[in-house]
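Trainee: Provided below for reference: sequence and predicted model.
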Amino acid sequence: MTQTQPTAADLSADIARIFALQQANQWKVKATGADQRKAKLAKLKAAVEAHTDAIIAAVLEDTRKPVGEIRVTEVLNVTGNIQRNIDNLDAWMTPTEVATSMNPADKARIIYEARGVCLILGPWNFPLGLALGPVAAAVAAGNCCMVKLTDLCPATAKVAAAIIADAFDESEVAVLQGDVSVASALLELPFNHIFFTGSTRVGKIVMAAAAKHLASVTLELGGKSPVIVDQGADIGKIAAQLAAAKQFNGGQACISPDYVFVRAEDQAALVEGFQANVAANLYEDGAIKKDSIAQIVNPANFARVKALFDDAVAQGATVAAGGMLEADDLTIHPTMLTDVTPQMKILQEEIFAPVIPVMTYETLDQAIGYIQSRDKPLALYVYSPDEANVARVLNETSSGGVTVNGVFSHYLENNLPFGGVNHSGSGSYHGYFGFKAFSHERAVYLHS
């Protein structure tokens, strides 16, 4: 992770050359039919499969994720996503016929056309999966694209470049490796569409850059995703699911539960269940199994999370579970904090680590009011046996997506759109919605 990264100055000629190639080639690519695009996607899938061992080694080097997680999120999820595009592309590309209101003898339809030359900027938490997923959607929709993975995962970026080079000519899809200046240089170019996954802070920079060229954008961001535990909910089940969710990728997922509302009488059982599940799944002979939880991505992010933790404890938060932060290898043990209050920084910033603060509440109005007063989150989780209370939460809050009586499911279901709202994102993707994100819905009216 300490290797020297190319800069924009190093790559300026390549960046300009590839962009010009893609601008010239975009019309040919746009005109391709479903069979041609499916053949390209099949070639991409084969390249990912051929590089499986290299992917696992690279992501492990960059992130110390558990190997099982890498295989699922960075290989199987990618190939499954590509195959989903192949299986459905004929239907997705079929024009939508629309009834005409002016003359019944005329015809009207909506056709899905490529946006043109696209820029895809990937994050570090799932460095390959969240870059190649959008690439598959862009290719399915008939676009050219330039791809930049995060500079925090250089080994993975190198493998991604090899995969793309195996599957595509650079006039259609190309990966640019390098430091953050390369991403900044790319943002100066007049792309037709920009797809960015990352923080809200950087999302604002991307949106401002896109505005210079009136490029459309898809922003997959994050935020503080709340969990509401209603009266009568199954505390044992919830504790187990929260423990698993916070262990997944070391809590470094944009839809990771970020804070919990629970009834005061249920808090002790929630803490006890969280402790028990973490101990059973992550510890052996009293020691954490470090190959079973991802490290925090770099020292800067570790220091950021530690500062949030220290601030909370200094202001009176109780370390109810976990609380061990090992700077030497960037390991944070799954941690639950109680007695947290809104003025603590840990309730003001997205945590992105295996730490979860818990607040007690007396009425559903309190929990809903708190969520309403904050930026709209990417995900919201509500556990409740009461359908009326679930309906209230849905009607009186806003978020990118919701899972009821579970976690992550609205993300995993590819028949649903995945995306945020306002501070948590703009636009959506996954499955058909990914195809639509990289397509312009073109209105066509045909006189008889």
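Mentor: That came through fine.
Trainee: how about the spatially most central residue of the chain, secondary structure?
Mentor: The chain has C254 as the residue nearest its centroid, 5.6 Å off, counting by Cα atoms, centre = their mean. C254 carries the three-state label coil when classified by DSSP: H, G, I helix; E, B strand; the rest coil.
Trainee: which residues does it contact?
Mentor: 125, 197, 220-223, 378-379 (Cβ atoms under 8 Å, 6 or more residues apart in numbering). Bear in mind the C-beta positions are built from the backbone N, C-alpha and C, glycine included.
Trainee: where do the helices of the stretch 301-448 of the chain begin and end?
Mentor: 364-372, 387-396, 409-412, 432-437 (DSSP state H, counting those that start in this stretch).
Trainee: which parts of the first one are buried?
Mentor: This means helix 364-372. Across helix 364-372, burial judged by 16 or more other Cβ atoms under 10 Å covers 364, 367-368, 370-371.
Trainee: between it and helix 387-396, how big is the angle?
Mentor: Interaxial angle, helix 364-372 versus helix 387-396 (axes from the mean of the first three to the mean of the last three Cα atoms, to 10 degrees): 30 degrees.
Trainee: what's the closest of the helices of the stretch 301-448 of the chain to I110?
Mentor: helix 432-437 (10.9 Å; Cβ to Cβ).
Trainee: what's the average pLDDT for that closest one?
Mentor: Per-region confidence: helix 432-437 scores 98 on mean pLDDT.
Trainee: go on, stretch 390-403?
Mentor: Stretch 390-403 comes out at a mean pLDDT of 98.
Trainee: got the end-to-end distance for it?
Mentor: By Cα to Cα, to the nearest Å, the extent of stretch 390-403 from end to end equals 10 Å.
Trainee: I figured F126 hits I70, correct?
Mentor: No - look at F126 against I70 with Cβ atoms under 8 Å: they stay out of range, at 9.5 Å.
Trainee: ok so, going back, strands - which of the contacts of C254 land there?
Mentor: In this view, the contacts of C254 that belong to strands under DSSP state E are 197, 220, 379.
Trainee: could you find the closest non-adjacent residue to D166?
Mentor: Leaving aside its sequence neighbours, D166 sits nearest to A47 (Cβ to Cβ, 6 or more residues apart in numbering; 4.1 Å).
Trainee: in three-state terms, label the one you found for me.
Mentor: A47 ends up helix, using three-state DSSP.
Trainee: count of neighbours near it?
Mentor: By other Cβ atoms under 10 Å, 18 other residues sit near A47.
Trainee: do A240 as well
Mentor: Here the number of neighbours of A240 (other Cβ under 10 Å) works out to 18.
Trainee: test my guess that it contacts G273.
Mentor: Yes - with contacts counted by Cβ under 8 Å, A240 reaches G273, the gap being 6.4 Å.
Trainee: any weak-confidence spans in the chain?
Mentor: For the chain, the stretches flagged by pLDDT under 70 are 1-3.
Trainee: domain ranges for it, per the record?
Mentor: 8-221+424-446, 225-419 (automatic domain parsing).
Trainee: ranges for the helices of the stretch 51-200 of the chain?
Mentor: Counting by DSSP H, counting those that start in this stretch, the helices of the stretch 51-200 of the chain are 52-63, 67-70, 77-93, 129-140, 154-167, 180-186, 200-213.
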